[in-house]
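Trainee: Pasted the sequence and its predicted model underneath.
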Amino acid sequence: MLIEFITTKPVQSSNAFLFFMNGSFSLVMIPITIGMLNKSFEKYSY
């Protein structure tokens, strides 16, 4: 029981951690890329 818990729990937690990191990373990067595109468009339009 204890050995199964030790072997399965880190895998589940690391998968959830990676999933959370991917989601937060995309949520942060999408506005940054949109802001950079807007800045470049403003630079070329003026």
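Mentor: Yep, that arrived.
Trainee: Please count neighbours and contacts with C-alpha atoms only from this point.
Mentor: Will do.
Trainee: what mean pLDDT does the helix or strand containing residue 27 have?
Mentor: Under the criterion of DSSP states H and E, residue 27 resides in helix 2-45. Helix 2-45 shows a mean pLDDT of 74.
Trainee: From here on, call the first residue 59.
Mentor: Right, with 59 as the first residue, what we last looked at is helix 60-103.
Trainee: so what secondary structure elements neighbour that helix?
Mentor: Using 3 or more CA pairs under 8 Å, 6 or more residues apart in numbering; DSSP states H and E, no helix or strand is in contact with helix 60-103.
Trainee: Number of residues surrounding residue 85?
Mentor: 11 (other CA atoms under 10 Å).
Trainee: quick one: it and residue 100, what's the gap?
Mentor: When distance is defined by CA to CA, to the nearest Å, residue 85 is 23 Å away from residue 100.
Trainee: got it, and residue 84?
Mentor: 24 Å.
Trainee: count of neighbours near residue 98?
Mentor: Residue 98 has 11 neighbours, counted by other CA under 10 Å.
Trainee: Over to the one 4 residues further on?
Mentor: The number of residues packed around residue 102, counting by other CA under 10 Å, is 8.
Trainee: before we move on, what about residue 75?
Mentor: 12.
Trainee: separation between it and residue 86?
Mentor: Distance from residue 75 to residue 86, by CA to CA: 16 Å.
Trainee: again, but for residue 78
Mentor: 12 Å.
Trainee: cool, residue 97 as well?
Mentor: 17 Å.
Trainee: Same check on residue 100?
Mentor: From residue 100 to residue 86 the distance is 22 Å (CA to CA).
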